[in-house]
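Novice: Quick one, fold the following:
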Amino acid sequence: MKVIDVQNVFLKYPSSKRDTIKGITFDVEEGEIFGFLGPSGAGKSTMQKILTGTLRDYRGSVRIFDMEMRQRTNDYYEKIGVDFEFPNFYGKFTAIDNLNYFASLYSTRATDPLELLERVGLLGDADKKVSSFSKGMKMRLGFIRALLHDPKLLFLDEPTSGLDPSNARILKDMILEQKRKGKTIILTTHNMHDAEELCDRVAFIVDGTIQTMDAPHALRKGGTNTRVIYSYMDHGKEVENICTLSGLADSQEFQRALKAGALTRIHSKEQTLEEVFIELTGRRLQ
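Specialist: A predicted model of the protein is given here:
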């Protein structure tokens, strides 16, 4: 079942002469993790604002839970959770006070905040004012705030930014846990490793358009520069060579080693998702 259905969407900010979003079309199935990948200024944040109902002066159609977002009502926010890259909190409130306050805004019963704080290693800081928190602590607090009301749809903006590998691993495991529960997740990130590990599909966004969209493994395998590294024995010495996968059949050196039974090692080295992104878009993420 489609949770999100976006058809030919354009958006121009009042202060701009050109469209920021230019004819974007995609859909997201229930239980899918869908990633937006692109450099700064590509339109990822604008698209997220359209999906969360913040921007409604778009052209085209954006339907979420079978409701056109121009007509969205306040109960839409009962169904979604949003984790911003730079989360805002009440700095003079403690962590637990912040979570209790935000939980009170929803009509549904919230998940126990102490349980969530423990999951992300912040239980010992529950009674500390958030103004004393580091960026990494605020990132973890913002993430669990998005989970408080058990939303059906999650919008995660750079959820592991600024986190050490251990805490990043905790959040990624929790994201995958949400997927197993059937939640639908939109992940906006610069981090190709996170995208490869977490996303079922990704969309490369550049200059307000989707350049390509597919599963990460399909994009990597579809690259034109998959390399094959092979070694063979030649007069008592091991020689290593590299060629492209498509050129392997025409490599006389490889064919000679193969026929002579001299091959000692062979393996392929697929492109990384970032290399595919650069090849397809001509742009880097940063």
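
Novice: for the residue of the chain most remote from its centre, what are its contacts?
Specialist: Within the chain, residue 235 marks the point farthest from the mean C-alpha position, 50.2 Å out by CA atoms, centre = their mean. By CB atoms under 8 Å, 6 or more residues apart in numbering, the contact list for residue 235 is empty. From N, CA and C alone the C-beta is placed, and that goes for glycine too.

Novice: ok, now how distant is it from residue 262?
Specialist: For residue 235, the distance to residue 262 equals 10 Å [CB to CB, to the nearest Å].

Novice: follow-up on the earlier one: give me phi/psi at the residue farthest from the centre of the chain?
Specialist: Main-chain torsions, residue 235, degrees, to the nearest 10: phi 50, psi 40.

Novice: where does this protein dip in pLDDT?
Specialist: By pLDDT under 70, the weakly predicted segments of the chain are 222-225, 284-286.

Novice: Would you map the strands across it?
Specialist: 2-11, 21-29, 33-37, 59-64, 67-68, 80-83, 153-157, 184-189, 201-206, 209-214, 227-234, 237-244, 263-269 (DSSP state E).

Novice: Tell me the strands beside the fifth one, with direction?
Specialist: Paired strands of strand 67-68, with direction, are strand 59-64 (antiparallel) (DSSP bridges).

Novice: List the buried residues in the partner strand.
Specialist: For strand 59-64, burial by neighbour count (16 or more other CB atoms under 10 Å) applies to 62, 63, 64.

Novice: Please identify which of those is nearest to residue 154.
Specialist: Within those, the smallest distance to residue 154 is 12.5 Å, found for residue 64 (CB to CB).

Novice: And for the closest one, nearest residue in space, chain neighbours not counted?
Specialist: Nearest residue to residue 64, sequence neighbours excluded (CB to CB, 6 or more residues apart in numbering): residue 4, at 5.2 Å.

Novice: Next, count neighbours for the one you found.
Specialist: 20 (other CB atoms under 10 Å).

Novice: Can you verify my assumption that it contacts residue 25?
Specialist: No - Residue 4 lies out of contact with residue 25 (CB atoms under 8 Å); the separation is 11.3 Å.

Novice: between the strands of the chain, which one is nearest to residue 145?
Specialist: When the strands of the chain are compared by CB to CB, strand 80-83 sits nearest residue 145, at 7.3 Å.

Novice: contacting residues around the residue sitting nearest the centre point of the chain?
Specialist: Centroid check for the chain by CA atoms, centre = their mean gives residue 187 as the closest residue, at 3.3 Å. Contact partners of residue 187, counting by CB under 8 Å, 6+ apart, are 33, 34, 35, 36, 156, 159, 175, 194, 195, 198, 199.

Novice: for residue 13, same thing?
Specialist: By CB under 8 Å, 6+ apart, the neighbours of residue 13 are residue 20.
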